[in-house]
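Visitor: Make a model of this:
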Amino acid sequence: MVVGLLIAVPLSGAFAFPAKKGDKPCMDCHKLDNKDAEGIIKKVVPNATVKNVKMSPVKGVWQIEFEAGEGKRGAFGLDFSKKYLVQFASVEDVVKQQKPQKVDASKIPLIDAITVGAATAKNKVIVFTDPDCPFCRQLHTIMKQVVAKRSDVSFALIMNPLPMHKDSPKKAQTILCTKSVDILDDAFAGKTVPEPAATCTAEAVERSKKLANALEFSGTPTLVRDDGLVLSGFLPEEKLIDWIDKKQ
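Guide: Residues are numbered from 1 along each chain as shown. Here you go, the predicted model:
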């Protein structure tokens, strides 16, 4: 999926599916065209283009298939009331997500990373992040609190602007070209960030995005500990320190 949501869909028997012979097919009463579906999906994924709308295997739910640029595809379910979205996931995918993910942290190139904390810190955490991701902004504040307490901890930030954040690639481009911690902090504080200089290309941003894709990191923030354990999302300060210290 292009985005990760925890949105519930009420699945009850009240959606007028054919229960006996002679009942009308649901599509006769419940209709949703691509244009209407796109208007709804754009509230969640602004650059989405709906490609197909059909009935899902789940009763009372349409399946909306869309593209979100750069070859990214996704699908949402939408209930007949048009009020609730749900993500589709196979049992295999859900089981896979429950297993701790590990990667080889030593093989993650840090040429385009920006360090928060001491570069010589013993405990280095790699963070794939997006300046317009609200959870990344919360994590950014927490990271600064952690390094203020722990000189042995540092975070190597790799920019991974997500497709739904239209201004994020330019901000990431400026951050990577300037390598300025002040601009980095301003971006994650929601302040205005200068446009990339004329000599500043998007090559570093594209490298970082390809790296995230190669690691199958589809969301932000995503953290990688020195032993390769992956954490999706963020933790409060004390719990994050415990995770870094391998206490959880």
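
Visitor: Can you tell me the SS state at Gln145?
Guide: Recorded secondary structure, Gln145: helix (DSSP: H, G, I helix; E, B strand; the rest coil).

Visitor: Give me the below-cutoff pLDDT ranges for this protein.
Guide: Scanning the chain for pLDDT under 70 picks out the ranges 1-28, 70-71, 88-99, 248.

Visitor: Going by residue numbers, what spans are helices in it?
Guide: Secondary structure of the chain, counting by DSSP state H: helices at 26-29, 34-41, 91-98, 134-149, 168-178, 181-188, 203-214, 237-244.

Visitor: and the ones you listed, which is most packed in?
Guide: helix 168-178 (a mean of 23; mean count of other CB atoms under 10 Å). Yep, even glycine has a C-beta here, placed from its N, CA and C like the rest.

Visitor: which residues are contacting that one?
Guide: Outside helix 168-178, the residues within contact range by CB atoms under 8 Å, 6 or more residues apart in numbering are 112, 114, 130-133, 159, 161-162, 183-184, 187, 193-197, 200-202, 204-205, 208.

Visitor: Kindly calculate the angle that it makes with helix 203-214.
Guide: Orientation of helix 168-178 against helix 203-214 (axes from the mean of the first three to the mean of the last three CA atoms, to 10 degrees) gives an angle of 120 degrees.

Visitor: Next, the angle from helix 168-178 to helix 134-149.
Guide: 30 degrees.

Visitor: how far off helix 181-188 does helix 168-178 point, in degrees?
Guide: 170 degrees.

Visitor: Check the gap between Val103 and Ala212 for me.
Guide: 11 Å (CB to CB, to the nearest Å).

Visitor: For the residue most central in space within the chain, give its distance to Asp130.
Guide: Taking CA atoms, centre = their mean, the centroid of the chain lies closest to Gly219, which sits 2.5 Å from it. According to CB to CB, Gly219 stands 9 Å off from Asp130.

Visitor: which residues do these two both contact?
Guide: Counting by CB under 8 Å, 6+ apart, the shared contacts of Gly219 and Asp130 are Leu162.

Visitor: Spit out the contact partners of Glu195.
Guide: Contact analysis of Glu195 by CB under 8 Å, 6+ apart lists Lys170, Thr174.

Visitor: 10 Å instead, please
Guide: Lys170, Lys171, Gln173, Thr174 (CB atoms under 10 Å, 6 or more residues apart in numbering).

Visitor: thought Leu139 was touching Ser232?
Guide: No - with contact defined as CB atoms under 10 Å, Leu139 does not count as touching Ser232 (11.4 Å).

Visitor: Now do the shared contacts for those two.
Guide: Thr220, Pro221, Leu223.

Visitor: Most neighbours among those, which one?
Guide: Thr220 (27 neighbours; other CB atoms under 10 Å).

Visitor: distance of that residue from Phe128?
Guide: Separation of Thr220 from Phe128 (CB to CB): 6 Å.

Visitor: Now do the shared contacts for these two.
Guide: Joint contacts of Thr220 and Phe128 (CB under 10 Å, 6+ apart) are Cys136, Ile158, Met159, Asn160, Ala212, Ser232.

Visitor: Tell me which two in those are the farthest apart.
Guide: Using CB to CB, the shared contacts of Thr220 and Phe128 span at most 17.1 Å, a distance reached by Met159 and Ser232.

Visitor: more neighbours, those two?
Guide: Between Met159 and Ser232, Met159 has the larger neighbour count (other CB under 10 Å), namely 28 against 16.

Visitor: which non-adjacent residue is nearest that one?
Guide: Ala172 (3.8 Å; CB to CB, 6 or more residues apart in numbering).

Visitor: Show me this protein divided up by domain.
Guide: 1-98, 105-244 (automatic domain parsing).

Visitor: I figured Lys31 hits Val53, correct?
Guide: Yes - between Lys31 and Val53 a contact is recorded at 9.5 Å, counting by CB under 10 Å.
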